[in-house]
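*Asks:* Coordinates only, no sequence provided:
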């Protein structure tokens, strides 16, 4: 049942920075799902109480006007297809229907909050259970919000993609958040929730096949390009500017606080890394010989941080801080059999936890790449990146980058807002290709297993970003007791929750799995085919969380 300990607060969710471009998308998705009645499934039939928070009353009112027009016109950017009418799920009998039938009953409350004003910020954060922080760049505006959330006992998710800031905040505030019982989840936008949750699903698919993955590469393909909002570009500039600071923070973080994750290999298996000898720009034979290059956004760093947080928490809970923290071989073999057995025994049980948290305690070597149409495009992107990196290291260079965004991105970024209509025709495809090994057991030997997962979704910059952020906040609100207190990434926070099932149910994303071994679930008969393609788009929610 819904955790009611904090429901004496006035709001379930508040969107901080709702008057910004991305914050407006987040508000639109919350409203769309409220209009459809879907949040009432999270809230035990109760209507969602939510608020928009920001500095400008007039801009917040403009967002509210946009939401009211969406309801009246029955149109939303998040509809599948162009301007399809919204239809409320009439199978649900919400509490709100017993109140006024006035059409604006699903609209949020407006709250004024200036992060420079302690009183207004405290007022907002003490009145809500979960805050979605959309105010960036986080290097300049994020720490005060984060610290105030911890002091107020308010759970927190954000859309941050700034690696240095996230790792520095982990170093500074993880212990305090754990003492206060607060859950902080970084990077819940497209960067890097899409990679983290895709990786989590791939790990689950391995476990269903008696296996544990050891290495996974993610390939991102963009179908259509929209302009990027200037605030997103500014955050990228600041991330490049703080690379030296990141190295110092990371050295301190991993030497003083976190355990470096190690991949699991059964006895007698030697690591064989895929891309150890490949150049940065190369044709990828696993992706039909398409050109690719490293994806320089925060995904790889966030996956590493999430795996380190999970590994460290496992050590604290089960290993009791043994003298040699790296000596996990026997423990991991035992753990691998437990995870595989648990997932298989509950594969067809809709009332069971579909992904036990232990599955995240098996780190993988993760690579992230972006697919490009030709070598010339890859070479041009590399050259621009080198110039970008050079300029970002100095204050004068950063001013050039920030004052001339269009020149340095070929028009991809400008001071004008992105075209919302273009968002409707943009989509992305993420392909996760993993290698792992079956866990040796009483009647089975170790075998190598290759498995791939393809995830398709709409515009990655704003539409998918908003869906991931809102689903993260709702999952945190609904399944708080399944998430350890402290600082998290999406994978370390949500591995024991059914967030992936809820994402599938939106029908905004499409999941497809292919492998070379059949699924083994309980007493199901073994299939003879060596290839299986499983469409998860309409799969039954095989993993509703065991209710508290």
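*Replies:* Ah, there it is. This one's a predicted model, so the numbers in the text were calculated from it and none came from an experiment.
*Asks:* what about the helices in the stretch 301-450 of the chain?
*Replies:* 329-345, 375-392, 395-403, 405-409, 420-423 (DSSP state H, counting those that start in this stretch).
*Asks:* Mind telling me which of those the model trusts least?
*Replies:* Ranked by mean pLDDT, the helices of the stretch 301-450 of the chain bottom out at helix 329-345, with a mean of 60.
*Asks:* so how far is residue 78 from residue 412?
*Replies:* 24 Å (Cβ to Cβ, to the nearest Å). Where you see a C-beta, it was placed from the backbone N, CA and C, and this is true even at glycine.
*Asks:* And residue 160, by the same measure?
*Replies:* For residue 160 relative to residue 78 (Cβ to Cβ), the value is 22 Å.
*Asks:* the more surrounded of those two?
*Replies:* Remark: of residue 160 and residue 78, residue 160 carries more neighbours, 28 against 20, as counted by other Cβ atoms under 10 Å.
*Asks:* Give the residue spans of the chain that score low on pLDDT.
*Replies:* 1-7, 71-77, 79-105, 264, 266-277, 317-361, 414-421, 440-445, 515-548 (pLDDT under 70).
*Asks:* which residue is nearest the middle of it?
*Replies:* residue 193 (1.5 Å; Cα atoms, centre = their mean).
*Asks:* Over to that residue: give its phi and psi.
*Replies:* Per-residue torsions, residue 193: phi -60, psi -30 (degrees, to the nearest 10).
*Asks:* list the contacts for it?
*Replies:* For residue 193, the contacting residues are 187, 468-469, 472, 490, by Cβ atoms under 8 Å, 6 or more residues apart in numbering.
*Asks:* can you list those residues in TSV and add secondary structure?
*Replies:* As requested, the contacts of residue 193 are exported to TSV (DSSP: H, G, I helix; E, B strand; the rest coil):
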residue	secondary structure
187	coil
468	helix
469	helix
472	helix
490	helix
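*Asks:* Among the residues you listed, which one lies nearest to residue 507?
*Replies:* Nearest to residue 507, judged by Cβ to Cβ, of those is residue 468 at 15.2 Å.
*Asks:* burial count for that closest one?
*Replies:* By other Cβ under 10 Å, the residues close to residue 468 number 30.
*Asks:* Restricted to buried residues, select the contacts of residue 193 in ChimeraX.
*Replies:* Selecting only the buried entries of those in ChimeraX, with 16 or more other Cβ atoms under 10 Å as the criterion:
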select :187,468,469,472,490
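*Asks:* Out of the contacts of residue 193, the closest to residue 258 would be?
*Replies:* residue 187 (16.3 Å).
*Asks:* Could you check the angle the helix or strand containing residue 231 makes with helix 375-392?
*Replies:* Counting by DSSP states H and E, the element that carries residue 231 is helix 230-241. Put simply, helix 230-241 runs at 80 degrees to helix 375-392, going by axes from the mean of the first three to the mean of the last three Cα atoms, to 10 degrees.
*Asks:* which residues are contacting helix 230-241?
*Replies:* With Cβ under 8 Å, 6+ apart as the test, helix 230-241 has contacts from 20-22, 136-140, 160-164, 298, 388-389, 392-393, 398, 401-402, 405, 409, 413-415, 461.
*Asks:* Phi and psi next, for residue 21.
*Replies:* The phi/psi pair for residue 21 (degrees, to the nearest 10) is phi -70, psi -50.
*Asks:* Now for it, how many residues are close by?
*Replies:* Residue 21 - counted by other Cβ under 10 Å - has 17 other residues nearby.
*Asks:* got it, and residue 294?
*Replies:* 15.
*Asks:* OK, contacts around it?
*Replies:* 280, 367-370.
*Asks:* who wins for neighbours among the residues you listed?
*Replies:* residue 369 (24 neighbours).
*Asks:* Pretty sure that residue sits against residue 296.
*Replies:* No. When contacts are counted by Cβ atoms under 8 Å, residue 369 is not listed as touching residue 296 (10.2 Å).
*Asks:* rewinding a little: now, among the contacts of residue 193, which is nearest to residue 116?
*Replies:* residue 469 (23.7 Å).
*Asks:* what residues are up against that closest one?
*Replies:* Contacts of residue 469 (Cβ under 8 Å, 6+ apart): 26, 132, 134, 157-159, 188-189, 193.
*Asks:* Give me the nearest residue to it, chain neighbours excluded.
*Replies:* Of all residues not flanking residue 469 in the chain, residue 188 sits nearest, at 4.8 Å (Cβ to Cβ, 6 or more residues apart in numbering).
*Asks:* And for that neighbour, the neighbour number?
*Replies:* Residue 188: 31 neighbours (other Cβ under 10 Å).
*Asks:* how far away is it from residue 52?
*Replies:* In terms of Cβ to Cβ, residue 188 sits 18 Å off from residue 52.
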